[in-house]
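A.B. asks: Here is my input; please provide its structure:
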Amino acid sequence: MKENCIKAAGFLLSLINFRLYYRFCSLMVRKMTGERVVSVSNFAIKFEKNDPYWSQLISKHFKYELELETWLRNECSADDFFVDCGANIGYWSLFVSKELNVKTFVAIEPNPRVFQLLIENLRLNNIPEFALEGAVGDLSQGDSTTSLYLDLSPGMHVGASIYQENSSSMEIFQVPLIQLLNVFEPAIKNNQNILLKLDVEGAEISCINQIPNSIRSRVRIIYEDHGRDLECLTTKWLLSTKAYKIYFLQRSGSLEINSIDTLAYLKKRTNKGYNLVAVPM
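C.D. replies: Sure, this is the predicted structure:
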């Protein structure tokens, strides 16, 4: 019954760009237990029934991050090496594998509970388990693990970060550190272009700094600039390097960003993450 309500809401709210859809899903699923599998285009994906974020996929009218899907369809080659940092339950790894026929990818997820769902989703779709459990970090200081702070507040399923934030319901895990250079090794050996997707909750600059200069020209970076970051810190830093062209992804296409003022104007909502791409010059 509730699933049908979500489907109906998705249809109706598609007329107003899905405004309030997430909130509606939150109300519908908050007391549910167990797991659910839905079909999305050419793949199936499993998630917890009480997860309002992924429950939005129940409606076929809802298109998850359509601006990123559009860019990937136009720009991602089947021969690219796709690195999915902060892969969550594996949506984009599944997408590039099943929709775009990308053969080589690595999905990285630090949250142990979410990582298990990631593995199950790869198995569900008969995709090789190219997945690593841990957080991308710097091993040069001798540390092999790092603390992961998981916000357990309602609706914060993706609120895991290696940086501690103020929250009344925070759980701390110790997770393995993963060095990007080690992840890139197969691509370097095979002379592949790399598409690096970062959803790492504040660790973007640290991750980008791990890209060796010798292969920087072959690494395009998809990253999130969150609406609550009024200073647009990651984009500001990338522009300051003068090594990348920055593009703001929209459903209608991409817009080159030459100033922080332009990006700040485009980020209308403080509760939303905005997808951008850094292309080496």
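
A.B. asks: residue ranges of the strands in the stretch 151-281 of the chain, please?
C.D. replies: Per DSSP state E, counting those that start in this stretch, the stretch 151-281 of the chain carries strands over the ranges 160-161, 170-178, 194-198, 219-226, 244-250, 253-257, 273-280.

A.B. asks: Can I get those strands in a markdown table including mean pLDDT?
C.D. replies: Listed next are the strands of the stretch 151-281 of the chain as a markdown table, based on pLDDT from 0 to 100:
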| stretch | mean pLDDT |
| --- | --- |
| strand 160-161 | 60 |
| strand 170-178 | 85 |
| strand 194-198 | 98 |
| strand 219-226 | 97 |
| strand 244-250 | 98 |
| strand 253-257 | 96 |
| strand 273-280 | 97 |
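
A.B. asks: Which one, of the ones you listed, ends up nearest to Phe95?
C.D. replies: Among the strands of the stretch 151-281 of the chain, strand 194-198 comes nearest to Phe95, with 10.6 Å by Cβ to Cβ. Just so you know, the C-beta spots here come from the backbone N, C-alpha and C atoms, and that holds for glycine as well.

A.B. asks: strands paired with the closest one, and their directions?
C.D. replies: Using DSSP bridges, the strands paired with strand 194-198 in its sheet are strand 81-85 (parallel), strand 219-226 (parallel).

A.B. asks: out of the ones you listed, deepest packed?
C.D. replies: Mean neighbour count (mean count of other Cβ atoms under 10 Å) peaks for strand 81-85 among the strands paired with strand 194-198, with a mean of 26.

A.B. asks: Render the CA-only coordinates of it in CSV, please.
C.D. replies: Extracted C-alpha coordinates of strand 81-85, given in CSV (Å, rounded to 0.1, in the frame of the first residue of the first chain):
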residue,chain,number,x,y,z
PHE,A,81,38.6,3.3,-15.5
PHE,A,82,35.8,4.5,-13.2
VAL,A,83,36.7,5.0,-9.5
ASP,A,84,33.6,5.5,-7.3
CYS,A,85,34.8,7.0,-4.0
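
A.B. asks: what residues does the next helix or strand after that strand touch?
C.D. replies: Sequence-wise, the next helix or strand downstream of strand 81-85 (DSSP states H and E) is helix 91-98. Identification of contacts with helix 91-98 by Cβ atoms under 8 Å, 6 or more residues apart in numbering yields 40-43, 45, 64, 68-69, 72, 76, 82, 84, 87, 102-103, 105, 107, 118, 121-122, 125, 127, 130-131, 197.
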